[in-house]
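Enquirer: kindly return the folded structure for what I paste below:
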Amino acid sequence: MVHTGTQDDSFQLYDLRIEVVCPPGKRIMCGAKEGDYFTLQGEMIYLPPNQGISIYSLATVIPLLPAKQRVTSPNDWMTTDALIACPDPNCPSQLKIIREGIRTFSHSETTVVPLHH
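Expert: Here you go, the predicted model:
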């Protein structure tokens, strides 16, 4: 099926901001600094200039991001739980997933697989 404009094939995803949280006075092992962040818009990750993120921290949070982008029930733990521990057991930092604005996407512009109704 080709998108003709007559069928609404839109869906929405939250933009996410993933921010580093560090307990004051604690030694941080992963190289993160309080307030470091990256954003996720659709499938694209954006880092501010001259800021990195540990691949191990990134690997820990990535599996949760597609679910956090989607609208969930207010009773679902995915809606309420936002802090992800650093994977280094000796590092007390966390990544906080913050839902920001909602962005609208088109099915036909994100995949070649047709919609079946």
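
Enquirer: I'd say residue 29 and residue 89 touch.
Expert: No: here residue 29 lies out of contact with residue 89, judged by C-beta atoms under 8 Å, at a distance of 9.4 Å. The way it works is simple: take the backbone N, C-alpha and C, and place the C-beta from them, glycine included.

Enquirer: who has more neighbours, the two?
Expert: Shown here are residue 29 and residue 89; by other C-beta atoms under 10 Å, residue 29 has more neighbours (15 against 8).

Enquirer: got a list of what that one touches?
Expert: Contacts here follow C-beta atoms under 8 Å, 6 or more residues apart in numbering; on that basis residue 29 touches 86, 88, 90-91, 93.

Enquirer: how far does the worst-scoring helix or strand of the chain on mean pLDDT sit from the chain's center?
Expert: Least confident helix or strand, the chain: helix 107-110 with a mean of 80, by mean pLDDT, DSSP states H and E. Relative to the chain's own centre, helix 107-110 is displaced by 20 Å; criterion: C-alpha atoms, centre = their mean, to the nearest Å.

Enquirer: so which other helices or strands are in contact with that helix?
Expert: Taking 3 or more C-beta pairs under 8 Å, 6 or more residues apart in numbering; DSSP states H and E as the contact definition, helix 107-110 has no neighbouring helices or strands.

Enquirer: buried ones in it, by neighbour count?
Expert: 107-108 (16 or more other C-beta atoms under 10 Å).

Enquirer: same question, stretch 25-34
Expert: For stretch 25-34, by 16+ other C-beta under 10 Å, it's 28, 30, 32.

Enquirer: pull the residues that contact stretch 63-83.
Expert: Under the criterion C-beta under 8 Å, 6+ apart, residues 12-14, 16, 18, 21, 40, 84, 94-99 lie in contact with stretch 63-83.

Enquirer: what do you get if the cut-off is 6 Å, keeping everything else the same?
Expert: Residues from elsewhere that reach stretch 63-83, judged by C-beta atoms under 6 Å, 6 or more residues apart in numbering: 13-14, 16, 40, 94, 96-97.
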